[in-house]
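Peer 1: whatever this is, show me its structure:
(chains A and B)
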There are 2 protein chains.
Amino acid sequence: MAQKPSIPKGTRDFNPEEVAKRNYIFETIRSQFELYGFQPIETPSFENSETLMGKYGEEGDRLIFKILNSGDFLNKVDENAYINKDSNKITSSISEKALRYDLTVPFARYVVQHQNDIEFPFKRYQIQPVWRADRPQKGRFREFYQCDADVVGSKSLLQEVEFVQLYDAVFSALKLEGVTIKINNRKILAGIAEVIGAEDKLIDFTVALDKLDKIGEEKVKEEMLSKGIPQSGIEKLQPLFGLSGSFASQIEELKSILSSSEQGKTGIEELEFINNAITELGLQTATLQLDVTLARGLNYYTGAIFEVAAPKGVEMGSIGGGGRYDDLTGIFGLKDMSGVGISFGLDRIYLVLDALNLFPETVGNNVKALFLNFGEKEALVCLKAIKELRSRGIKTELYPDASTSKKQFIKQMNHANKRNIPNVILVGESELQSNTFTLKQMDSGEQQQLSLEQLIEKLQ
Amino acid sequence: MAQKPSIPKGTRDFNPEEVAKRNYIFETIRSQFELYGFQPIETPSFENSETLMGKYGEEGDRLIFKILNSGDFLNKVDENAYINKDSNKITSSISEKALRYDLTVPFARYVVQHQNDIEFPFKRYQIQPVWRADRPQKGRFREFYQCDADVVGSKSLLQEVEFVQLYDAVFSALKLEGVTIKINNRKILAGIAEVIGAEDKLIDFTVALDKLDKIGEEKVKEEMLSKGIPQSGIEKLQPLFGLSGSFASQIEELKSILSSSEQGKTGIEELEFINNAITELGLQTATLQLDVTLARGLNYYTGAIFEVAAPKGVEMGSIGGGGRYDDLTGIFGLKDMSGVGISFGLDRIYLVLDALNLFPETVGNNVKALFLNFGEKEALVCLKAIKELRSRGIKTELYPDASTSKKQFIKQMNHANKRNIPNVILVGESELQSNTFTLKQMDSGEQQQLSLEQLIEKLQ
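Peer 2: Now for the predicted structure:
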């Protein structure tokens, strides 16, 4: 009967310490989201398959977890596909629901479905898990949380300005100083493609450019060439690869490169506006950096693109990203609804905070005192004191089983020790008689005999 | 291309107000759990199918949502089942994972899997969604949250005492006064079955008895008869149906009925111990009531059984339940690990609080002030003030699009109105010149011209 228990690959159990650390990050993000006026929504874990399928490309479709229909699901199966044993074709007839793949498409669906109840511009945040049937590897899981903030219903660039501030605010609140908020603009990428004569190959061009960090300049050029971008155009890119210096000086350089592209110029203007505002407002601990090689994989971005890099010296992919998309809700029939949003990568932020030892010591929010248990009568006296302590917000508990031997007493002490509970409280015969409590500090071993009032004061 | 968006039946979107109200309940429960020394864990949304299947009875197995294997899942299908189009038999060969059905079985799996890292007794809580392919109906959903607190590794009845206190603490903190915590003990039920000669029909007997509230005494007796419980035995039950009065007087009555059953007497002793301790300790707003007809559907309970009823006058099924189970981890190979736990029904508690108007007014935790937007220069001044306000924890935001006409100004005012934002702040030409802010209270219409310092003071 007994099974050796395990969990599916790519999923995780979280122990109390991990949950506490994760919640610390969630709560920090949540409280900054709310300070900035974002409101929470939640959507179901699974959506109708047609809501999700076809929104993430072919690869994405494959990585979506499908839920098997209940009951006699083969009853309605596609006959031809069944005879041919075509897994792909059968799927849609035996599965009508699928686990969400990200929070953006469900959000778009939500906005369209509830458009009459929503007051636009709508600033929403959403912190929920998503699921992907990806090959699990270090730092990549099949179930993981996304923390997204988006605004829909306004084209104002002030949103982009606020998102830069929001990134800075969250990472500063997490004491993760020195992150780099990289920014680019799809219109600049489009302008460059135009200038180098690769207008019709914008996707190939950006996909290749996006890999610059990983594979280097030469390999990027090779990939572009192989995708049919002319050698002459690639040569024109040369100044871009060497672009450096301040935000403003890079902007000047770009202006000369993109002088013949209207799109490119619009993109530059947008970046300038955002940078000027941020310069005026100042950032707490982050730096805003123009990165013209930043492309991001997703093809729905139409304006600003963001990506956040961990502080120098920490080896980690991006810990946040986002951008402006002009027509996300169009797929569900609501046109002209511009949106812009950012996302925080919980798992990577966790790893960075852990590596830099930035979790607050109090994050576990541990029990302050364990009452030892010497018997029924003593336990009841303890429970009365515990009731008073808890009513004052002091986390405390009673060891449930009575100690009747030295061995069991040691077991109770060990329990406090293993759980890092800083104090134990003893109520034995002498304490019963004198109506007192003996408080023992676990680290120093110091003992004090206290009245209930003194005990409350001590632990508060 | 455009699809009319919808969500799967039995699932829900939650708007900002609903999320805030749900979080209020979650946070209240969570903070009491932690005061009582429970520690949070989280487990994956899906488990290996063999972890879940066979743990909830045949009906339960059917209601578990199965996840289709990725890739060419028909490749490994059972040939015979495929030819016979046997949905039931095929399932296990095309689906290896399933969404969790409750939090108890995953918890048992967790305890066994991590037994070497856990310090027992282990007090854990878990607040996560579960999924059931139940027929959706009013108040019953296919995705819903469970909030569970359990202790494993101690047989001490003090745990039961603490769970009664915990129920009282949570509902008192929610200002939901007058709930009834019903308690019974499976050993008493077993004792009764013994006394009436239905020892071998304990399940049939308890299932029938459990329906007393719903179908009445006569129907319960009919059902027992139909299950083969002798008429003479059912007649012996008569005193039970009429059992009333105080906890203590019911206990006396039970003692005489069960005098010949060892099990029954043990059950009575346990209940007496719990009731005596609770009488000593007192409850804040709840009442502990012995309900000998309380059986609960689940068959793994072996000791105390709990169920919480909403205050009189509110039509609602139980808003919480739980009990002692002596061998939950046995299914995963870890014997002799006694556990006891309780659960809170989030959705029903929500409905009760809503019906009784018990959600705090501040639950939405709304934005305090909306800065109106009269143009680029003005907006930047606003953003500087907003930065100061936010750094002091004041939730505030800027309307993103500049108003250049009376119509757009009205639109901004309406936005504040529709979102219930209590203040708007105007920075126009005269405010720019005098370096001030005009604060307008939305309800009274009162206006004040303030310096930044005064504004901060006003909104803090």
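
Peer 1: is it correct that A:Q159 is in contact with A:G153?
Peer 2: No: contact criterion C-beta atoms under 8 Å: A:Q159 and A:G153 do not qualify, at 10.2 Å. Using the backbone N, CA and C atoms, a C-beta is placed for each residue, glycine as well.

Peer 1: compare those two (neighbour count), which wins?
Peer 2: Using other C-beta atoms under 10 Å in any protein chain shown as the criterion, A:Q159 and A:G153 rank with A:Q159 on top: 27 against 20.

Peer 1: pull the contacting residues for the more buried one.
Peer 2: A:Q159 makes contact with A:151, A:340, B:400, according to C-beta atoms under 8 Å, 6 or more residues apart in numbering or on different chains.

Peer 1: any idea which of those residues has the most stuff around it?
Peer 2: With neighbours set by other C-beta under 10 Å, the maximum within those is found at A:V340, which has 28 neighbours.

Peer 1: helix, strand or coil: sort out it for me.
Peer 2: Recorded secondary structure, A:V340: strand (DSSP: H, G, I helix; E, B strand; the rest coil).

Peer 1: need the contact list for the residue nearest to it when sequence neighbours are not counted.
Peer 2: By the measure of C-beta to C-beta, 6 or more residues apart in numbering or on different chains, the closest residue to A:V340 outside its immediate chain neighbours is A:R324, 4.2 Å from it. A:R324 sits next to A:160, A:186, A:301-305, A:338-340 when contact means C-beta under 8 Å, 6+ apart.

Peer 1: over to A:R324. Which of the three states is it?
Peer 2: Using three-state DSSP, the three-state assignment for A:R324 comes out as strand.

Peer 1: for it, give me the pLDDT.
Peer 2: Note for A:R324: predicted pLDDT of 95.

Peer 1: just to revisit the earlier point, B:L432: which of the contacts of A:Q159 is nearest?
Peer 2: Sorting those by how near they are to B:L432, with C-beta to C-beta, puts B:P400 at the top with 19.3 Å.

Peer 1: please tell me I have it right and the closest one contacts A:V151.
Peer 2: Yes: with contact defined as C-beta under 8 Å, B:P400 counts as touching A:V151 (7.1 Å).

Peer 1: overlap of the contact sets of the two?
Peer 2: Common contact partners of B:P400 and A:V151 (C-beta under 8 Å, 6+ apart): A:121, A:159.

Peer 1: list the residues that contact the closest residue to chain B within the stretch 101-250 of chain A.
Peer 2: Of all residues in the stretch 101-250 of chain A, the one sitting closest to chain B is A:S156 (3.7 Å; C-beta to the nearest C-beta). Remark: with contacts taken as C-beta under 8 Å, 6+ apart, A:S156 is in contact with B:400-402.

Peer 1: considering only those residues, which also neighbour chain A?
Peer 2: Within the set of the contacts of A:S156, contact with chain A (C-beta under 8 Å from any C-beta of the partner chain) is found for B:400-402.

Peer 1: do you know how far A:Y56 is from B:E42?
Peer 2: Per C-beta to C-beta, to the nearest Å, A:Y56 is found 26 Å from B:E42.

Peer 1: which of the two has more residues huddled nearby?
Peer 2: Neighbours per residue, other C-beta under 10 Å: of A:Y56 and B:E42, the larger number sits with B:E42, 21 against 18.

Peer 1: how about the nearest residue to the more buried one, chain neighbours excluded?
Peer 2: Taking C-beta to C-beta, 6+ apart, and ignoring the residues beside it in sequence, B:E42 has A:F14 as its nearest neighbour in space, at 4.3 Å.

Peer 1: look up how far chain B lies from A:E269.
Peer 2: Counting by C-beta to the nearest C-beta, to the nearest Å, the gap from A:E269 to chain B is 13 Å.

Peer 1: what pLDDT does the model give the residue of the stretch 101-250 of chain A closest to chain B?
Peer 2: What the model reports for A:S156 is a pLDDT of 96.

Peer 1: which element is it on?
Peer 2: Under DSSP states H and E, no helix or strand contains A:S156.

Peer 1: ok, A:A310 - contacts?
Peer 2: A:176, A:179, A:316, A:319, A:348, A:352.

Peer 1: how much space separates it from chain B?
Peer 2: Per C-beta to the nearest C-beta, A:A310 is found 24 Å from chain B.

Peer 1: ramachandran angles for that residue?
Peer 2: According to degrees, to the nearest 10, the main-chain angles of A:A310 amount to phi -60, psi 160.

Peer 1: which non-adjacent residue is nearest it?
Peer 2: The spatial neighbour of A:A310 that comes closest, neighbours along the chain excluded (C-beta to C-beta, 6+ apart), is A:M316 at 4.4 Å.

Peer 1: what's the answer for A:L166, then?
Peer 2: A:Y36 (5.4 Å).

Peer 1: check A:F38 too.
Peer 2: Distances taken as C-beta to C-beta, 6+ apart put A:Y125 closest to A:F38, at 4.1 Å, once the chain neighbours are dropped.

Peer 1: need the residues of the stretch 101-250 of chain A near chain B, please.
Peer 2: Close to chain B, as judged by C-beta under 8 Å from any C-beta, the stretch 101-250 of chain A has residues A:109-110, A:112-114, A:117, A:119, A:121, A:123-124, A:129, A:131, A:133, A:143, A:151, A:154-156, A:158-159, A:161-162, A:165, A:169.

Peer 1: buried ones among those?
Peer 2: A:109-110, A:112-113, A:121, A:123-124, A:129, A:131, A:133, A:143, A:151, A:154, A:156, A:158-159, A:161-162, A:165, A:169 (16 or more other C-beta atoms under 10 Å in any protein chain shown).

Peer 1: so which of the residues you listed belong to helices?
Peer 2: Assignment to helices by DSSP state H places the following of these there: A:109-110, A:112-113, A:158-159, A:161-162, A:165, A:169.

Peer 1: return the member of the residues you listed nearest to B:K76.
Peer 2: Comparing these against B:K76 with C-beta to C-beta places A:R109 closest, at 33.5 Å.

Peer 1: and for the nearest residue to that closest one once chain neighbours are set aside, the neighbour number?
Peer 2: The shortest distance from A:R109 to any non-neighbouring residue, by C-beta to C-beta, 6+ apart, is to B:P5 (4.5 Å). Close neighbours of B:P5, defined as other C-beta under 10 Å, add up to 23.

Peer 1: quick one: contacts for the residue with the largest distance to the centre of chain A?
Peer 2: When each C-alpha in chain A is compared with the mean C-alpha position (C-alpha atoms, centre = their mean), A:Q433 comes out farthest, at 55.3 Å. A:Q433 makes no contacts at all, as judged by C-beta under 8 Å, 6+ apart.
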